[in-house]
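K.L.:
Dropping the sequence and predicted coords here.
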Amino acid sequence: MNFPRLIPTYSDELEPIYRIPPEELIPEVVLRADRLAEERDWGHLPLQLRELHERGIRGEGVTIAICDTGIDFTHPDLAPNKAANGHRNFTSSARDDYRDRVGHGTHCAGIVAAADTGDGILGSAPDAKLMAVKVLNDRGAGASSWINAGTRHAADAGAEILSQSFGGGEDPESLAAIRYAIAKGCWVVAAAGNAGHGGIDYPGGYPESICVAACDEDLAVAPFSSRGKALDLAAPGVSILSTYPGNRYARLSGTSMATPYVAGCLALVRGELKKRGLPIPSQAEIERLSRETAKDLDAPGFDTNTGFGLIQPVKLLEKLLGTTPPPNPPGPWPSGYTGVITTIEEYDRGVFQGRKVSAVP
Ligand SMILES: [Ca+2]
Ligand SMILES: [Ca+2]
């Protein structure tokens, strides 16, 4: 695979322009739906997503904005998870809809929340809702003003997590929009970029964003993944299987794929906190806890290839539930917890380290 070096780009116009790395527009393989039976991408294994799903932790009640080229909601694996509102197009392409004519946004959306339909694939948070915020046009590029308007809109329209798989230069307006979303309680996740040693893209480069590097199946940093001190976490980002327009599936590689993996993991965590009626941590707090609970990769401790390491939603949830004791009222219990589960202790460690467990009683 060839990953051309990419650097943040500015157009000759006044506005900064953000782009999808062009190599992410060309899938390695495209599959028809009838070839797949609720397949899990390899990335589910190191993230222990099956264990969480089997506990009933599936992102229910959480809305994720995919700030990208739109989403193909005619795809049967995405249609069930379309959020009730908030689909908007901020680009100058086909202004009247938010459809994805590129494929990138649809691929990112499936990594987060391809639905449990019995066929196709399963997303990281298969019960979460997806909001299409089209900020990149039908050529995969977006003006800063589109992206910033989309970021603010997502926060206003009820998105709780923003997944931003694009990159460009530093821009005070872009940072202001991200701060606006964070102030409204959103968690913002952004790609490191595919520049290799050519530096981290923005918005991933802002300290405010959770900046994501890509790793491969051996949990080694992908050669294209942008290196730098702004990295927070790593996630699967090589040969990732997800939804593609036209009821198809494709494998793509990029930090663009790693970013929605982190967004999906955070959706699982946020959904569980909501289900239990627990407070939602701030962006700074969830970033700190995600770093603390990450699986260290590459050189010991923080490194500029993988940041603090692979996001570990099980450990992150344990930490959150351990440090914030769940409410213990006489009842009624929050929906889904009518049984005897009192703390994460009952199904932590051993259980989450690979042993099969039965569903939540
Ligand atoms: Ca499916
Ligand atoms: Ca490390």
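P.N.:
On my side now, so go ahead. Ligands and ions are numbered 1, 2, ... in the order given.
K.L.:
which parts of the stretch 251-361 of the chain sit against ligand 2?
P.N.:
296, 298, 303 (Cβ under 5 Å from the ion). Where you see a C-beta, it was placed from the backbone N, CA and C, and this is true even at glycine.
K.L.:
Please, which helix or strand holds residue 109?
P.N.:
helix 104-113 (DSSP states H and E).
K.L.:
May I see the buried residues of the next helix or strand after that helix?
P.N.:
Beyond helix 104-113 on the C-terminal side, the first helix or strand identified by DSSP H and E is strand 129-134. Of all the residues in strand 129-134, those buried under the rule 16 or more other Cβ atoms under 10 Å are 129, 130, 131, 132, 133, 134.
K.L.:
same thing with stretch 51-70?
P.N.:
Buried residues in stretch 51-70, counted by 16+ other Cβ under 10 Å: 51-53, 55, 57-70.
K.L.:
go on, stretch 203-214?
P.N.:
Buried-residue list, stretch 203-214, by 16+ other Cβ under 10 Å: 203, 204, 205, 206, 208, 209, 210, 211, 212, 213, 214.
K.L.:
State the pLDDT value of the residue lying closest to the last one once chain neighbours are set aside.
P.N.:
Read that as residue 214. Sequence neighbours aside, residue 237 is the residue nearest to residue 214 in space, at 2.5 Å (criterion: Cβ to Cβ, 6 or more residues apart in numbering). Note for residue 237: predicted pLDDT of 97.
K.L.:
List the residues that contact residue 237.
P.N.:
Applying Cβ atoms under 8 Å, 6 or more residues apart in numbering, we find residue 237 in contact with 212-216, 222, 225, 253-258, 261.
K.L.:
on that earlier part again, do the helix holding residue 109 and ligand 1 meet?
P.N.:
No. On the criterion Cβ under 5 Å from the ion, helix 104-113 is out of touch with ligand 1, staying 8.6 Å away.
K.L.:
Return the distance of that helix from the chain's centre.
P.N.:
9 Å (Cα atoms, centre = their mean, to the nearest Å).
K.L.:
Please name every helix or strand in contact with it.
P.N.:
Counting contacts by 3 or more Cβ pairs under 8 Å, 6 or more residues apart in numbering; DSSP states H and E, helix 104-113 packs against strand 63-68, strand 129-134, strand 240-244, strand 248-252, helix 255-275.
K.L.:
out of these, which comes closest to residue 146?
P.N.:
Comparing these against residue 146 with Cβ to Cβ, the closest turns out to be strand 129-134 (8.4 Å).
K.L.:
How about the next helix or strand after that closest one, which residues are buried there?
P.N.:
Next helix or strand after strand 129-134 toward the C-terminus (DSSP H and E): strand 141-143. Across strand 141-143, burial judged by 16+ other Cβ under 10 Å covers 141, 142, 143.
K.L.:
One more: stretch 168-180?
P.N.:
168, 169, 171, 174, 175, 177, 178.
K.L.:
ok, residues contacting that stretch?
P.N.:
So stretch 168-180 is contacted by 8-10, 16-19, 144-145, 147-149, 151-152, 155, 188, 201-203, 205-206, 208-209 (Cβ under 8 Å, 6+ apart).
K.L.:
can you dump the C-alpha coordinates of it into CSV?
P.N.:
Output of stretch 168-180 as CSV, limited to C-alpha atoms (Å, rounded to 0.1, in the frame of the first residue of the first chain):
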residue,chain,number,x,y,z
GLY,A,168,-5.9,21.1,7.6
GLY,A,169,-4.0,24.0,9.1
GLU,A,170,-4.4,25.8,12.3
ASP,A,171,-7.3,28.3,12.4
PRO,A,172,-8.5,30.3,15.4
GLU,A,173,-12.1,30.1,14.1
SER,A,174,-12.0,26.4,14.0
LEU,A,175,-10.6,26.3,17.6
ALA,A,176,-13.4,28.6,18.7
ALA,A,177,-16.0,26.3,17.2
ILE,A,178,-14.5,23.3,18.9
ARG,A,179,-14.4,25.1,22.2
TYR,A,180,-18.1,26.0,21.7
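K.L.:
Relative to the whole chain's centre, how far out is it?
P.N.:
Distance of stretch 168-180 from the chain centroid (Cα atoms, centre = their mean) equals 19 Å.
K.L.:
with the buried residues of strand 141-143 in mind, which one is nearest to residue 118?
P.N.:
Nearest member of the buried residues of strand 141-143 to residue 118, counting by Cβ to Cβ, is residue 142, at 35.2 Å.
K.L.:
Who are the contact partners of the closest one?
P.N.:
17, 18, 19, 90, 91, 135, 136, 166.
K.L.:
Could you do residue 71 as well?
P.N.:
Residue 71 touches 78, 82, 87, 98, 99, 100, 105, 106, 109, 130, 132, counting by Cβ under 8 Å, 6+ apart.
K.L.:
Could you dump those residues into TSV with distance to ligand 2 and pLDDT added?
P.N.:
Formatted as TSV, the contacts of residue 71 follow (distance: Cβ to the ion, whole Å; pLDDT from 0 to 100):
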residue	distance to ligand 2	pLDDT
78	34	97
82	38	97
87	38	91
98	38	91
99	40	93
100	35	95
105	31	97
106	32	97
109	30	98
130	32	98
132	35	98
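K.L.:
Tell me which stretches of the stretch 201-350 of the chain form helices.
P.N.:
Assigned by DSSP state H, counting those that start in this stretch, the helices in the stretch 201-350 of the chain fall at 255-275, 283-293, 313-323, 349-352.
K.L.:
Since that was my last question, I'll sign off now.
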